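# show me how the following folds:
(2 chains)
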Amino acid sequence: MNSNELLEKIRECVEFGKVNKDVPYPPNMKGMDGADELTKMALEQGVPPADILNEALIKAMERVGQKFTDKKIFVPQMLIAAKAMNASMVHLKPFFQSGQVQRKGKFIIGTVAGDLHDIGKNLVAMIVEGAGWEVVDLGVDVNAQKFIQTIEEDKKAVVGLSALLTTTMASMKSIVGDIKAKYPDVRLIIGGAPITDAFRQEIGADGYAADPQGAVAYLNNIAV
Amino acid sequence: MTAIAAKIQSGKILISDGAWGTFLQQKGLAPGECPELWNITHPNDVFDIAKSYIDAGSDMIETNSFGGSSFKLTAYGLSDKVYEINKAAAEISRKAAGTNRHVLGSIGPSGKMIMMGDITYDDFYEAFKHQAIALADGGADAMVVETMSDLDEAKAAVHACLDNTNCEVICTMTFEKSGDSGFHTMMGVTPAQMTEELVALGTHIIGANCGNGIQNMIGIVQEIRKVNKTIPILIHANAGAPVYKDGQTIFPETPEQMAEFVKILIDSGANIIGGCCGTTPNHIRKIAQLVRQ
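All right, here's what the predicted structure looks like:
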């Protein structure tokens, strides 16, 4: 396979969740090489790691995010795609660390204090990573202090806050207030089932995303 | 007491209860506090909620145990209190319901997913089994496995209830409208898939809860009835989608607005009507009046 064919194959594996050769999913790709093997192969053949990130992973995850927005796929298909993306990304990590491949920026994400729900937050983290961002996932039940400490390490980072419960929207409001008081220029984007753009305006956050692809669209606007 | 499903087979429409979580918040439950611990620390407040639904005309009330599985209680450091908390939940509702209304032991989702590799089917089964046994010991005569989005988790919970208690088992999932392609749960399960799989398992009553208001429930009931004409259907609708206003979350539908859709919901094939988030005893009273006219 030449490099273009390899990139196309990796993209397909990520989009449809073919992690490696051993996994039986998806059924129509059973026994074939997955994202893991094909990425290794591409690097060995000298395909630039930046091309793998930009031409295969980012494009695949963009399609996955869009299909999720359009309700053509649901959480399981998105998770399996993210798993395939990670299988490929593992091989790219050394190039991120050496600085040979640059990502678009840093995205810090967490579910706000008092809220223990992580499914939505995890989906956003996966899709944003797949869009070429470095993601720092602070987990659930994250207070303002923890967000602020993490921002201190990279003041250009964009911060995402998630809440599922209507009761923890108040917590989101106070965390946004605390972060903005300390770092007025840090961009904050919020999301979660009960969250709306009207709520974003009320609490003074910068962005609201209804779904993971919405978060990517917001971030990409910042990056350009 | 005649079983719920038997009452429905004889042609009755039954009334369930309304919200518990939003009601507890009004009574002072703070964000980040464990709602189920109130069964031990504030039993009188929990009893008031149960009693207010009985007084409003509910034929059945739930228990304050939605997050009472070990998955949720562990996060509050209460993993050793699963039995105590769930038994107390059922005892409180039974005290309010007396002997001729039903008590449905509420079992909510774990927040974990098999496909993420963080849990197995057997883990689900074991945890729901412990919760169900405690609820039955406390006096529940039915179980309601609710707000489910994943079929494997729902099936594990239903199995655990059927195998380990003598209770009737109800299972409801939460659907949203997905464009032109009908309704799906967050995990992609359609009402038809739910119906086929849960009925095959021996679930006595199925249905839908939570979501974005009672109007959507009509379409969901129609999709269930397309594949099964006889399985009893329970609907617990929210009082609309939440709106954030002046620092508070409001569920906007009034009892009158919800009641408008009750007749068509029953005509579509629903057998038990109650409420979820944001519904109050006033909503239930209005629905009960309408149904019993």
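# output the below-cut-off pLDDT ranges for chain B.
B:247 (pLDDT under 70).
# hang on, I meant chain A
If you take pLDDT under 70 as the line, chain A has these spans: A:224.
# pull the number of nearby residues for residue A:84.
Using other CB atoms under 10 Å in any protein chain shown, residue A:84 has 31 neighbouring residues. For glycine as for every other residue, the C-beta is placed from the backbone atoms N, C-alpha and C.
# that one: what secondary structure?
The three-state label given to residue A:84 by DSSP: H, G, I helix; E, B strand; the rest coil is helix.
# and whatever residue of the stretch 151-293 of chain B ends up closest to chain A, how many neighbours does it have?
Nearest residue of the stretch 151-293 of chain B to chain A (CB to the nearest CB) works out as residue B:188 at 3.1 Å. Per other CB under 10 Å, the neighbour tally for residue B:188 reads 18.
# swap in residue A:100?
Residue A:100 has 12 nearby residues by other CB under 10 Å.
# what's the residue of the stretch 151-293 of chain B closest to chain A sitting at in phi/psi?
phi 90, psi 10 (degrees, to the nearest 10).
# surely it and residue A:73 touch.
Yes - the criterion here is CB atoms under 8 Å, and residue B:188 meets it with residue A:73 at 7.4 Å.
# give me every residue that touches the residue of the stretch 151-293 of chain B closest to chain A.
A:73, A:74, A:75, A:76, A:77 (CB atoms under 8 Å, 6 or more residues apart in numbering or on different chains).
# what residues does chain B put near chain A?
B:22, B:25, B:31-32, B:72, B:75, B:111, B:113, B:115-116, B:149, B:178-179, B:181, B:184-188, B:242-244, B:247, B:249, B:277 (CB under 8 Å from any CB of the partner chain).
# is residue B:121 in contact with residue B:112, as I believe?
No - counting by CB under 8 Å, residue B:121 sits too far from residue B:112 to count as a contact (11.5 Å).
# just give me the neighbour total for residue B:80.
The number of residues near residue B:80, taken as other CB under 10 Å, comes to 10.
# and residue B:121 and residue B:112? Which one has more around it.
Shown here are residue B:121 and residue B:112; by other CB under 10 Å, residue B:112 has more neighbours (17 against 13).
# quick one: the residue lying closest to the more buried one once chain neighbours are set aside and chain A, what's the gap?
Once flanking residues are discounted, residue B:112 sits nearest to residue B:119: 4.4 Å by CB to CB, 6 or more residues apart in numbering or on different chains. With distances taken as CB to the nearest CB, to the nearest Å, residue B:119 is found 13 Å from chain A.
# would you confirm that residue B:119 belongs to a helix?
No - assessed with three-state DSSP, residue B:119 is coil; it does not lie in a helix.
# do a quick rundown of the helices in the chain.
All of this is about chain A. With DSSP state H as the criterion, chain A has helices at A:3-16, A:35-44, A:49-51, A:58-69, A:75-98, A:119-130, A:144-153, A:169-182, A:197-203, A:212-223.
# wait, chain B
B:4-9, B:21-26, B:38-41, B:43-56, B:70-75, B:82-97, B:121-137, B:151-164, B:191-201, B:214-227, B:255-259, B:262-268, B:281-292.
# buried deepest among the ones you listed, which one?
helix B:82-97 (a mean of 24; mean count of other CB atoms under 10 Å in any protein chain shown).
# could you give the angle of that one to helix B:43-56?
40 degrees (axes from the mean of the first three to the mean of the last three CA atoms, to 10 degrees).
# contacting residues around helix B:82-97?
So helix B:82-97 is in contact with B:36-37, B:39-40, B:43, B:46-47, B:50-51, B:53-54, B:60-65, B:68-70, B:73, B:78, B:103, B:105-106, B:130-131, B:133-140, going by CB under 8 Å, 6+ apart.
# same thing but at 6 Å, please
Residues outside helix B:82-97 that contact it (CB atoms under 6 Å, 6 or more residues apart in numbering or on different chains): B:36, B:39-40, B:43, B:46-47, B:50-51, B:54, B:61, B:63-65, B:68, B:70, B:73, B:103, B:105, B:130-131, B:134-135, B:137-140.
# on that earlier part again, give me the buried entries from the residues of chain B next to chain A.
B:22, B:25, B:31, B:72, B:111, B:113, B:149, B:178, B:184-188, B:242-244, B:249, B:277 (16 or more other CB atoms under 10 Å in any protein chain shown).
# just the ones in strands from the residues you listed, please.
B:184, B:243, B:244, B:249 (DSSP state E).
# with these in mind, which one is nearest to residue A:113?
residue B:249 (17.1 Å; CB to CB).
# and stretch B:199-212, what's buried?
Result for stretch B:199-212 [16+ other CB under 10 Å]: buried residues B:199, B:203, B:204, B:205, B:206, B:207, B:208, B:209, B:210, B:211, B:212.
# most widely separated two among those?
B:204 and B:212 (26.7 Å).
# what residue in chain B is the furthest from its centre?
residue B:246 (29.0 Å; CA atoms, centre = their mean).
# and that residue, how far is that from residue A:202?
Relative to residue A:202, residue B:246 is positioned 9 Å away (CB to CB, to the nearest Å).
# also residue B:131?
38 Å.
# kindly report the same for residue A:61.
Taking CB to CB, one finds residue A:61 at 32 Å from residue A:202.
# kindly report the same for residue B:253.
Following CB to CB, the distance that separates residue B:253 from residue A:202 is 22 Å.
# just want to know which of the two has more residues nearby.
residue B:253 (22 against 16).
# my read: that one touches residue B:241, true?
No - with contacts counted by CB atoms under 6 Å, residue B:253 stays clear of residue B:241, the gap being 9.1 Å.
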